[in-house]
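Peer 1: Any chance you could fold what I've pasted below:
(one chain, ligands or ions: 1)
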Amino acid sequence: MKVLVLNCGSSSLKYQLINTETEDVLAKGLCERIGMEGSAIAHQPAGGQKVKELVPMADHTVAVKNVIDKLTDKNVGVIASLAEIDAVGHRMVHGGENFTSSAVINDEVLKAIEECNDLAPLHNPANLIGVRSCQDVMPGVPMVAVFDTAFHQTMPKKAYMYGIPYEYYNKYKIRRYGFHGTSHDFVSKRAAEILNKDRKDLRIIVCHLGNGASVSAVKYGESVDTSMGLTPLEGLIMGTRSGDLDPAIVSFIAEKENLTAAQVVDILNKKSGVLGLSDGLSNDFRDLVEAGAAGNQVAKGALDAYAYRVGKYIGAYAAAMKGVDVIAFTAGAGENNAEVRAMIGEYIEFLGTNIDPERNKIRGEETILSDEGAKVVTMVVPTNEELAIARETARLV
Ligand code: ADP
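Peer 2: Numbering: from 1, shown residues only. Got it, this is the predicted structure:
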């Protein structure tokens, strides 16, 4: 089956066409600046050259049309016609409490997704526009919604409730939801497979360390806790997000800097994390490691705070699961940044991880980092959210 996987943002659209029998990516690409001046599509067929073109794209429907044009193009296309696309899988950010798993999209499902818009006002409406655009351009092709939050719906109440008046949960559904669920599910499953074990027999901590970052506790196959909350702002220090902080800081900064609460939250989302901690140097861990090695103390301080927070969460989740068998690193920095992994490694050594510095040098490959005989097996497991969405889509249609 050929599945088109779409990840729609407010002004962007990422896509991959995946053959779910072979699990090969046939083509992938990105539409940027949709609805703005200078919109462009970058398209890459498997094994071929990447092409980038400036194309006016007034909205997502035009963007989807452009994607189809490229996929069926005589030179850079990989299919003869639209009819070869068997299904579309959409990445959906927030499914609230309405979705505990992926769902085939119909009117009822769309309504239930819309009900969650309040919880993710930036992401969900954009995801939904992607769905509607596909309905316009390829009517009748089955579509599936795969939610970032669904995998974490198994969290027990003690893990997802905030210590605030209960009425806010009743009235507004304010609770912890968690994100990156597709990745935490994929990586924990794959980690068990690599170890030739059943995920149902393992307590796994997954550290998804990208620009956005989260840790999850996957106990005997189910997510029982994760570091992101109502929104992706909670938890780890990230590329540009603050992660956990004293909530009183919001009104404190607002008063001192004459800002609204929403403006402060925007700063916490976009100008904080290691970017803010490094005094604006970079949100990219490569830059920070390089600057730190060259003696930049501010960059080093940002990395120290970052690694310390990840280490603390791993300790907390070992306690939450009353033990841990496997720790898996994934996403950009988790897969590729040996220096960051080594820094985190120091905090978790006491668990019996026996990380071998030689093995830890790898980048972007499935690797067991621990020595033989380690009590807790530490590994790198590259994530593949698009493939996970394609698999879910094929399974459901
Ligand atoms: P996103 O959340 O945007 O998907 P990624 O998973 O791509 O983010 O992660 C981005 C982070 O991964 C960046 O901070 C970057 O430094 C790090 N990273 C990506 N590739 C490498 C690499 N080859 N070596 C070291 N770090 C890398």
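
Peer 1: Is residue 42 in a helix, a strand, or coil?
Peer 2: Classification of residue 42 using DSSP: H, G, I helix; E, B strand; the rest coil returns strand.

Peer 1: Checking the nearest residue to it once chain neighbours are set aside next. Helix, strand or coil?
Peer 2: Leaving aside its sequence neighbours, residue 42 sits nearest to residue 52 (Cβ to Cβ, 6 or more residues apart in numbering; 4.4 Å). Using the backbone N, CA and C atoms, a C-beta is placed for each residue, glycine as well. At residue 52, secondary structure determined by three-state DSSP is strand.

Peer 1: Tell me the spacing between residue 52 and residue 32.
Peer 2: 10 Å (Cβ to Cβ, to the nearest Å).

Peer 1: and the helix or strand harbouring residue 276, what other elements does it pack with?
Peer 2: For residue 276, the host element (DSSP states H and E) is helix 273-277. Where contact means 3 or more Cβ pairs under 8 Å, 6 or more residues apart in numbering; DSSP states H and E, helix 273-277 is packed against helix 297-320.

Peer 1: now the helix it packs on, how far from the centre of its chain.
Peer 2: How far helix 297-320 lies from its chain's middle: 19 Å, per Cα atoms, centre = their mean, to the nearest Å.

Peer 1: now what about whichever helix or strand comes after that helix, what contacts it?
Peer 2: Counting by DSSP H and E, the element after helix 297-320 in chain order, helix or strand, is strand 326-330. Contacts of strand 326-330 with the rest of the structure, by Cβ atoms under 8 Å, 6 or more residues apart in numbering, involve 183, 187-188, 191-192, 195, 202-209, 314, 335, 341, 344, 348, 351, 353, 369, 376-383.

Peer 1: Pull out the buried members of the residues you listed.
Peer 2: Buried by 16 or more other Cβ atoms under 10 Å: 183, 187-188, 191-192, 195, 202-209, 314, 335, 341, 344, 348, 351, 353, 369, 376-383, out of the contacts of strand 326-330.

Peer 1: On the three-state scheme, residue 379 is what?
Peer 2: At residue 379 the chain is in strand, as set by three-state DSSP.

Peer 1: Give me the more crowded residue out of residue 52 and residue 32.
Peer 2: Between residue 52 and residue 32, counting by other Cβ atoms under 10 Å, residue 32 is the more crowded of the two (18 against 13).

Peer 1: Tell me if I'm right that residue 181 and residue 223 touch.
Peer 2: Yes: in this structure residue 181 lies within contact range of residue 223 using Cβ atoms under 8 Å: 7.1 Å.

Peer 1: what residues are shared contacts of these two?
Peer 2: Shared contacts of residue 181 and residue 223 (Cβ under 8 Å, 6+ apart): 151, 152.

Peer 1: which of those two has more neighbours?
Peer 2: Shown here are residue 181 and residue 223; by other Cβ under 10 Å, residue 181 has more neighbours (26 against 23).

Peer 1: Name the nearest residue to that one, ignoring sequence neighbours.
Peer 2: Excluding its sequence neighbours, the residue lying closest to residue 181 (Cβ to Cβ, 6+ apart) is residue 151, at 3.2 Å.

Peer 1: Among the contacts of strand 326-330, which ones are in strands?
Peer 2: Counting by DSSP state E, the part of the contacts of strand 326-330 found in strands is 203, 204, 205, 206, 207, 208, 209, 377, 378, 379, 380.

Peer 1: rewinding a little: what's near enough to touch the residue nearest to residue 42?
Peer 2: Residues in contact with residue 52 (Cβ under 8 Å, 6+ apart) are 40, 41, 42, 43.

Peer 1: who wins for most neighbours among those residues?
Peer 2: Using other Cβ under 10 Å as the neighbour criterion, residue 43 leads those with 25 neighbours.

Peer 1: which residues does that residue contact?
Peer 2: By Cβ under 8 Å, 6+ apart, residue 43 lies in contact with 27, 28, 29, 50, 51, 52, 67, 70, 76.

Peer 1: How about the contacts made by the fourth one?
Peer 2: To tie it back to what came earlier, the one meant is residue 50. Residue 50 sits next to 42, 43, 44 when contact means Cβ under 8 Å, 6+ apart.

Peer 1: change it to 6 Å
Peer 2: Residues counted as contacts of residue 50 (Cβ atoms under 6 Å, 6 or more residues apart in numbering) are residue 44.

Peer 1: Tally up the residues packed near the residue lying closest to residue 125 once chain neighbours are set aside, please.
Peer 2: Counting by Cβ to Cβ, 6+ apart, residue 117 is the residue found nearest to residue 125 once chain neighbours are left out, at 5.8 Å. Look at residue 117: counted by other Cβ under 10 Å, it has 16 neighbours.

Peer 1: Residue 117 and residue 7, how far apart?
Peer 2: Counting by Cβ to Cβ - residue 117 and residue 7 are separated by 17 Å.

Peer 1: Same check on residue 242?
Peer 2: Shown here: residue 242 relative to residue 7, a distance of 24 Å by Cβ to Cβ.

Peer 1: hey, where'd the strands end up in the stretch 151-300 of the chain?
Peer 2: For the stretch 151-300 of the chain, applying DSSP state E, counting those that start in this stretch gives strands covering 203-209, 213-219, 222-226.

Peer 1: for those strands, which one sits closest to residue 293?
Peer 2: Among the strands of the stretch 151-300 of the chain, strand 203-209 comes nearest to residue 293, with 19.0 Å by Cβ to Cβ.

Peer 1: Could you list which residues are in contact with residue 264?
Peer 2: Residues in contact with residue 264 (Cβ under 6 Å, 6+ apart) are 250, 253, 254.

Peer 1: Show the model's pLDDT score for it.
Peer 2: pLDDT, residue 264: 97.

Peer 1: and if you look at residue 119?
Peer 2: Confidence at residue 119, expressed as pLDDT, is 89.

Peer 1: Count the residues that sit near it.
Peer 2: Neighbours of residue 119 using other Cβ under 10 Å come to 21.
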